[in-house]
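[1] Give me a 3D structure for the following:
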Amino acid sequence: MNSQTIILYGFLASFAAGMMTTIGAIPCLFIKKISAKFEDTTLGFAAGIMLGASFFSLIVPGLDYADELWNSKYFSVLAVLGGLLAGVLGIWSIEKYSPHEHFVIKEHYDGEHKEKILKIWLFVIAITIHNMPEGLAVGVGFGGGDLGKAIALAIGIGIQNAPEGLAVAFSLLTIGYSRINAFLIAAATGLFEPVMGLIGVSIVTVFLPILPIALGFAAGAMLFVISHEIIPETHRRGHENWATGGFTFGLLTMLSLDILLG
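    Next up is the predicted model:
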């Protein structure tokens, strides 16, 4: 398979995964509110899939690719874990130095036009940060050339994007946005994934030796999002058991996809 085909597949897969955010947001067009317990459970499910994808579809394949390239387990571990640390620090830096709100917004505002516009863009920035590592991970996965694992990763990311789209849309409804605006903003956040997917697959396809580092980077970025954004949100309203159940089911779902398709 030539590099142009791999890049095309990586872009299309990350686009499809991003569009699952749109599908997840559809219920907000018909339902005004979902329970906090359901929201925390589905976000826990998303976190479980992301954790499984980080290890089964990124870190482990990264170590395998590195071993094939350099025939040194020590250098392989150093490259992948170095990439992972860079991913954590990279997303942490973006998160720290860009203005944003955390993943689930429940705070009401006074309704002035300028503040509404500010809230919208702060929220969009937050979701952009969240979706960057996901799109990057899908693109990098396809750049590795193992279509089975790459497809499993894309499906897993796509599945966990649906509850994220749901949570984003209904969070916007709670602070006064109309159904259609909440849907459109939630859908738009998924468009950042194919952009990052295209960047990821293009870079690792052209510069194959950086693939293990890129896989580690994508894993580290996702692990940061899981620990810093998603899990704290699912545990702050007293639904820890439901969130943990969703997390476990998400982890098992990603493991099953990796075994069946990888």
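
[2] just checking, Ile180 touches Leu29?
    Yes: counting by Cβ atoms under 8 Å, Ile180 does reach Leu29; the two are 7.3 Å apart. In short, each C-beta sits where N, CA and C put it, glycine included.

[3] Contact partners for Leu63?
    76-77, 80, 212 (Cβ atoms under 8 Å, 6 or more residues apart in numbering).

[4] Tabulate the residues you listed (a markdown table), appending distance to Arg236, secondary structure and neighbour count.
    Rendered in a markdown table, the data for the contacts of Leu63 read as follows (distance: Cβ to Cβ, whole Å; DSSP: H, G, I helix; E, B strand; the rest coil; neighbours: other Cβ atoms under 10 Å):
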| residue | distance to Arg236 | secondary structure | neighbour count |
| --- | --- | --- | --- |
| Ser76 | 38 | helix | 20 |
| Val77 | 35 | helix | 16 |
| Val80 | 33 | helix | 28 |
| Pro212 | 36 | helix | 31 |
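
[5] which among the residues you listed gets closest to Leu12?
    Ranked by distance to Leu12 (Cβ to Cβ), the contacts of Leu63 are led by Pro212 at 24.1 Å.

[6] Ignoring the adjacent residues along the chain, who's closest to that closest one?
    Ala66 (3.6 Å; Cβ to Cβ, 6 or more residues apart in numbering).

[7] Tell me which helix or strand the one you found sits in.
    For Ala66, the element it lies in under DSSP states H and E is helix 60-70.

[8] What ranges does the stretch 151-262 of the chain have for its helices?
    For the stretch 151-262 of the chain, applying DSSP state H, counting those that start in this stretch gives helices covering 179-189, 192-206, 211-225, 231-235, 240-261.

[9] ranges for the helices of the stretch 1-150 of the chain?
    Counting by DSSP H, counting those that start in this stretch, the stretch 1-150 of the chain has these helices, from start to end: 3-25, 36-52, 60-70, 73-97, 113-143, 147-174.

[10] what's the angle between the last one and helix 179-189?
    Calculated by axes from the mean of the first three to the mean of the last three Cα atoms, to 10 degrees, helix 147-174 forms an angle of 150 degrees with helix 179-189.

[11] For helix 147-174, name the packing helices and strands.
    Applying 3 or more Cβ pairs under 8 Å, 6 or more residues apart in numbering; DSSP states H and E, we find helix 147-174 packed against helix 3-25, helix 36-52, helix 113-143, helix 179-189, helix 240-261.

[12] which pair in the contacts of Leu63 spans the largest distance?
    Val77 and Pro212 (9.8 Å).

[13] Need the overlap of contacts for these two.
    63, 66.

[14] from memory Arg33 sits against Phe170, does it?
    Arg isn't right for residue 33; it's Lys. Yes: applying Cβ under 8 Å as the test, Lys33 and Phe170 come out as touching, 6.7 Å apart.

[15] and those two? which has more neighbours close in?
    Legend: neighbour count by other Cβ atoms under 10 Å for Lys33 and Phe170, higher for Phe170 (22 against 10).

[16] Distance of the more buried one relative to Phe183?
    10 Å (Cβ to Cβ, to the nearest Å).

[17] Noted, bye for now.
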